[in-house]
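# Just to be clear, the model below is a prediction. Sequence and coordinates:
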Amino acid sequence: MLMYMSNIRPETASTPLHSVSVAGVVVREDGRVLTIKRADNGTWEPPGGVLELAEAPEDGVRREVYEETGIKVRVDRLTGVYKNTSRGIVALVFRCRVEGGHEQLSDESAAVEWLTPDEVTSRMADVYAVRVTDALLDGAPRVRTHDGRNLTRNL
């Protein structure tokens with residue numbers, strides 16, 4: 001035990017920091033998925049954003065989806081963990097279902113649409129489309145890494 005403890009490095013200013021984000025893959029009864037076209041860069045993604053410090057992940061998903069789309073959701077389960085190795089962002093993705101509300105734009109969303117899985121893969125960059133396709137699968141959550149553009153590890 002003493003040898004193990006001596007290998008632990010104290011936290012310093014050079015300790016890497018990570019940001020944690022959450023996203024909701026909201027699936028309607030007809031199989032369509034809620035998506036946004038981001039206002040800042042025009043990319044299509046599942047709704048989501050940075051998890052607040054004192055916020056539980058499920059609460060963050062509900063908040064982010066509602067803020068960006070006007071849709072209230074019930075969080076069903078964690079479907080994946082995705083790390084952007086170039087930016088130090090860890091994203092927790094949850095499958096959700098609609099509980100209420102109606103589609104509306106926000107400062108963060110230039111468009112809100114319900115897409116088919118095929119439309120998701122044609123409109124979204126691979127690093128975001130895989131989050132949706134993983135969420136549509138059954139089984140254990142997937143763990144993947146990417147460099148912001150390309151997947152680098154699949155589990």
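The structure has been received and is ready for your questions.

# who's in contact with the helix ranked longest in the chain?
When every helix of the chain is counted residue by residue (DSSP state H), the longest turns out to be helix 57-69. Under the criterion Cβ atoms under 8 Å, 6 or more residues apart in numbering, residues 20, 22-24, 26, 34, 36, 47-49, 51-52, 55, 71-73, 75, 78, 92, 94, 96, 101, 103-104, 106, 108-109, 112 lie in contact with helix 57-69. For glycine as for every other residue, the C-beta is placed from the backbone atoms N, C-alpha and C.

# rerun at 6 Å
Defining contact as Cβ atoms under 6 Å, 6 or more residues apart in numbering, one finds that helix 57-69 is touched by 22, 24, 36, 47-49, 51, 71-73, 75, 92, 94, 106, 108-109, 112.

# Mind checking which of these are in strands?
Counting by DSSP state E, the part of those found in strands is 22, 24, 36, 48-49, 71-73, 75, 92, 94, 109, 112.

# Which of the three states applies to Thr133?
helix (DSSP: H, G, I helix; E, B strand; the rest coil).

# count of residues packed around it?
Burial of Thr133, expressed as a neighbour count using other Cβ atoms under 10 Å, amounts to 18.

# what does Ile89 give?
Here the count is done by other Cβ under 10 Å, and Ile89 has 15 residues near it.

# Could you check the pLDDT of the closest residue to it other than its chain neighbours?
Ranked by Cβ to Cβ, 6 or more residues apart in numbering and with sequence neighbours excluded, the top spatial neighbour of Ile89 is Ser19, at 4.9 Å. According to the prediction, Ser19 has pLDDT 94.

# Helix or strand with the lowest mean pLDDT in the protein?
Taking all helices and strands of the chain together, the one with the lowest average confidence (mean pLDDT, DSSP states H and E) is helix 2-6, at a mean of 40.

# Who does the most centrally placed residue in the chain form a beta bridge with?
Of all residues in the chain, the one closest to the mean position by Cα atoms, centre = their mean is Ala23, 2.9 Å from it. In this structure, Ala23 bridges to Gly48, Val93 when assessed by DSSP bridges.
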